[in-house]
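Undergrad: Pasted the sequence and its predicted model underneath.
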There are 2 protein chains.
Amino acid sequence: MRPLLAFAAGELAEADPERVAIAGSAVELIHAYSLVHDDLPCMDDDVLRRGRPTCHVEYDEPTALLVGDALQSLAFQLLGEYRLADDMKTQLEMVKILAAASGSRGMAGGQAIDLEAVGKMLAVPELEFMHIHKTGAIIRASALLGARCGSSLDAKQLGQVDLFAKLIGLAFQVVDDLLDAESSTATLGKTAGKDAKQGKPTYVSAIGIVRSRELAQELRGNALDALAVFGERALRLRQLADFIVLRQF
Amino acid sequence: MRPLLAFAAGELAEADPERVAIAGSAVELIHAYSLVHDDLPCMDDDVLRRGRPTCHVEYDEPTALLVGDALQSLAFQLLGEYRLADDMKTQLEMVKILAAASGSRGMAGGQAIDLEAVGKMLAVPELEFMHIHKTGAIIRASALLGARCGSSLDAKQLGQVDLFAKLIGLAFQVVDDLLDAESSTATLGKTAGKDAKQGKPTYVSAIGIVRSRELAQELRGNALDALAVFGERALRLRQLADFIVLRQF
């Protein structure tokens, strides 16, 4: 989903697809590292990821820790090593965007909130706050990095891309909670039903399945509204919103 | 030691000290994250660092994992956020240098070699290979980032700074092994004698205390030779070499 988002935003910004591929890979490396660390025994203690044994199960815990650490470094190495933006100032901003999205005020901070939330009932605004950090920051970084590989969007238009990414990031999470509650492990490629088992607050536990489905559709609608300014040029981003929300039904 | 090295190299390159402070902080954040992760139970399982409880002892393991992850992100955020070099191309190179020094072919890779080496006898060339990655890469990055904050060194001079940093990085490790073998926990601020207890190969176990002391002095001499090209301008770097090697005696 993140690479597709980077490509769709890059297309809108008339960016060189090769540049977007590298910027998108940097984001994906951050995501991959977070999964390796997330699966560790002291975190989610999970044995299955993408239908295969998790890193610390296949190898060992110290290796998984170092692999995650090195994947994060590699993400920033890509941003420092390849020419990705028309001017170097923009490329340094990409470094800043990805770093901020990954750190204590982005993904890592969101995971700390997530740990704190285990066993608690959260209302929708609190769930939103958690997910905007935990998964949303990196999703937004995907869209922004893809867009910054090109030069054709102004600051206001970049703001609309960011808003779109924020809303489909939340929609993605609502659908993820629905899938976790309703699917089998075989379909997901990761352990199903573990949110409830771990006492993690979800949209399903907060507002139920029916209202969660409605919320996903509302977020999709708002996300599509954010793209109105682009007209037909945002076709791929619109398709992505549909793909994310409709993947379950 | 790393911040001092960044400042000394920065002074040689006539860099703005404020820029060097930020670049040096980025390196120090990488070092700090590596210590937090290194102390985790699945790694060195240490309870004491700088005379205080380690992060996972003071808080808990998931927090220490996330703190380390977020510190790494913050390092790159600094390099993306502040103006540190005269031109943006050089600053992007600083991102690349720090990322490469941190990742699988730098520090994280060195730590993997270190884990693999537990219980083995390594000869000096193998010890060097391990330390050049595990601690040396970040020490070299300190010097290079400090120097790149200024513009007065050419490529050959930067190469001499790099060589100096490589040699004192090794000297630092030899002295560290000596201190670990000879000092008390109170003096070190971290658990003493743990290398031997953990079966880690050290210079002391490979060649003994007397030869290790000689090796530290040889490395110091070679490091000082690498500075000859700079004459009096390298005073602070020379002082640093002395500080590192003479701290024990």
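TA: Nice, I can see it.

Undergrad: Quick one, grab the pLDDT at the residue nearest the centre of chain A.
TA: Central residue of chain A (CA atoms, centre = their mean): residue A:139, 3.6 Å from the mean position. Per-residue confidence (pLDDT) for residue A:139: 97.

Undergrad: Surely it touches residue A:5?
TA: Yes. Using CB atoms under 8 Å, residue A:139 is in contact with residue A:5, at 6.6 Å. Where C-beta positions appear, they are placed from N, C-alpha and C, glycine not excepted.

Undergrad: Need the residues touching each of these two.
TA: Common contact partners of residue A:139 and residue A:5 (CB atoms under 8 Å, 6 or more residues apart in numbering or on different chains): A:165, A:168.

Undergrad: neighbours around the residue lying closest to residue A:199 once chain neighbours are set aside, how many?
TA: What sits nearest to residue A:199 in space, not counting adjacent residues and going by CB to CB, 6 or more residues apart in numbering or on different chains, is residue A:119, at 4.3 Å. Counted with other CB atoms under 10 Å in any protein chain shown, residues neighbouring residue A:119 total 9.

Undergrad: And residue A:17, by the same measure?
TA: Residue A:17, neighbours per other CB under 10 Å, totals 12.

Undergrad: residues of the longest helix belonging to chain A that come out buried?
TA: With secondary structure taken from DSSP state H, chain A has its longest helix at helix A:155-182. Using 16 or more other CB atoms under 10 Å in any protein chain shown as the test for burial, helix A:155-182 gives A:158, A:160-178, A:180-181.

Undergrad: For residue A:99, which non-adjacent residue is closest in space?
TA: In space, residue A:99 is closest to residue B:77, 3.6 Å off (CB to CB, 6+ apart).

Undergrad: so who does that neighbour touch?
TA: For residue B:77, the contact set (CB under 8 Å, 6+ apart) comprises A:95-96, A:99-100, A:103.

Undergrad: Distance of residue A:227 relative to residue A:165?
TA: As judged by CB to CB, to the nearest Å, residue A:227 and residue A:165 stand 11 Å apart.

Undergrad: What of residue A:111?
TA: 19 Å.

Undergrad: Now tell me which helix or strand of chain A has the poorest mean pLDDT.
TA: Here the helix or strand of chain A ranked lowest by mean pLDDT, DSSP states H and E is helix A:185-188, holding a mean of 63.

Undergrad: just the helices in chain A please.
TA: Assigned by DSSP H, the helices in chain A fall at A:2-12, A:17-38, A:55-58, A:61-81, A:88-102, A:107-117, A:124-131, A:137-148, A:155-182, A:185-188, A:194-197, A:203-226, A:235-246.

Undergrad: Now do the third one: everything it contacts.
TA: The set of residues that contact helix A:55-58 without belonging to it, under CB under 8 Å, 6+ apart, is A:36, A:39-41, A:47, A:49, A:52, A:63-64, A:67-68.

Undergrad: Greatest separation within those residues: which pair is it?
TA: The widest separation within the contacts of helix A:55-58, taken as CB to CB, falls between A:41 and A:52 and amounts to 17.4 Å.
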